[in-house]
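Visitor: My questions are about this predicted structure, shown below with the sequence.
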Amino acid sequence: QNVCDVGGERTDCGYTGIDAEECESQGCCWYPVYDNPDGLPWCFFKNDVSTPPTPSQCVQHELMKEKYGCGHYLGNLFINEELGTFFAVWAPHADQVWIQGNFSGINATPMTLCSFDGYWAVQVPSAQVGDEYSFLVSF
C-alpha cells in the first residue's frame, strides 16, 4: 500500500512556507503541486493514518489549558531554560501565524494551528524570560 498516494485525500501536515526536509522530518508526505487550482497541500499526512497525530505544540497547548483550568491558554509561558517558552494566540481568520523576537534574529518561527476555531501555538527553546516578541499574522 502506498501511504503517500498523491491521488488520495490530503490532510495538511505543514504550514505556509514549510519545505520538503521539514515536512518529511515530521513523518509526512511531500509532493509539490505547481498548477494547483484546488489548493492541495504539498505537505500532507500519510494516507493510511486515520487520525493524524497531534503536533507537539498542540499537546503542550492542551496541557496549558488543563493546568490553568481555562478554555485556552493565550500569551506566553516560560517553561524552563532547556525547553524555553510556549506561545499561543487566537487568530481565527489567519492563513498562517509566526512568532518573531530577539531570540530569533530576523527569522520568524511558524506556529501550528491547533484547533479549527483558530488557536495557534509553538514552543521556542531559545526564547527566554525578558525576550521581546511579536506575532506576525497573514490573512
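Guide: Looks like it arrived, so ask away.
Visitor: The closest residue in space to Cys29 that isn't next to it in sequence: what secondary structure?
Guide: The shortest distance from Cys29 to any residue other than its chain neighbours is 3.7 Å, reached at Cys4 (Cβ to Cβ, 6 or more residues apart in numbering). From N, CA and C alone the C-beta is placed, and that goes for glycine too. When the structure is split into helix, strand and coil by DSSP: H, G, I helix; E, B strand; the rest coil, Cys4 lands in coil.
Visitor: burial measure for Cys4, as a count.
Guide: Other residues near Cys4 number 16, with proximity taken as other Cβ atoms under 10 Å.
Visitor: Could you do Gly75 as well?
Guide: Using other Cβ under 10 Å as the criterion, Gly75 is surrounded by 9 other residues.
Visitor: can you pull up the bridge partners for Leu136?
Guide: Trp98 (DSSP bridges).
Visitor: Next SSE downstream of the lowest-mean-pLDDT helix or strand in the chain?
Guide: Of all the helices and strands that make up the chain, the one with the lowest confidence by mean pLDDT, DSSP states H and E is helix 56-68; it has a mean of 63. For helix 56-68, the following helix or strand on the C-terminal side (DSSP states H and E) is strand 75-80.
Visitor: low-scoring stretches of this protein, by residue?
Guide: When residues are selected by pLDDT under 70, those of the chain lie in 1-2, 16, 48-72, 115-116.
Visitor: And the strands in it?
Guide: 29-30, 43-44, 75-80, 84-90, 96-101, 109-110, 112-113, 119-124, 133-138 (DSSP state E).
Visitor: on contacts alone, who are the packing partners of the second one?
Guide: What it means is strand 43-44. Taking 3 or more Cβ pairs under 8 Å, 6 or more residues apart in numbering; DSSP states H and E as contact, the helices and strands that strand 43-44 lies on are strand 29-30.
Visitor: Parallel or antiparallel, list what pairs with the strand it packs on.
Guide: The strands beside strand 29-30 in its sheet (DSSP bridges) come out as strand 43-44 (antiparallel).
Visitor: next one: the strand it pairs with to chain centre, how far?
Guide: What separates the centre of strand 43-44 from the centre of its chain is 13 Å, taken as Cα atoms, centre = their mean, to the nearest Å.
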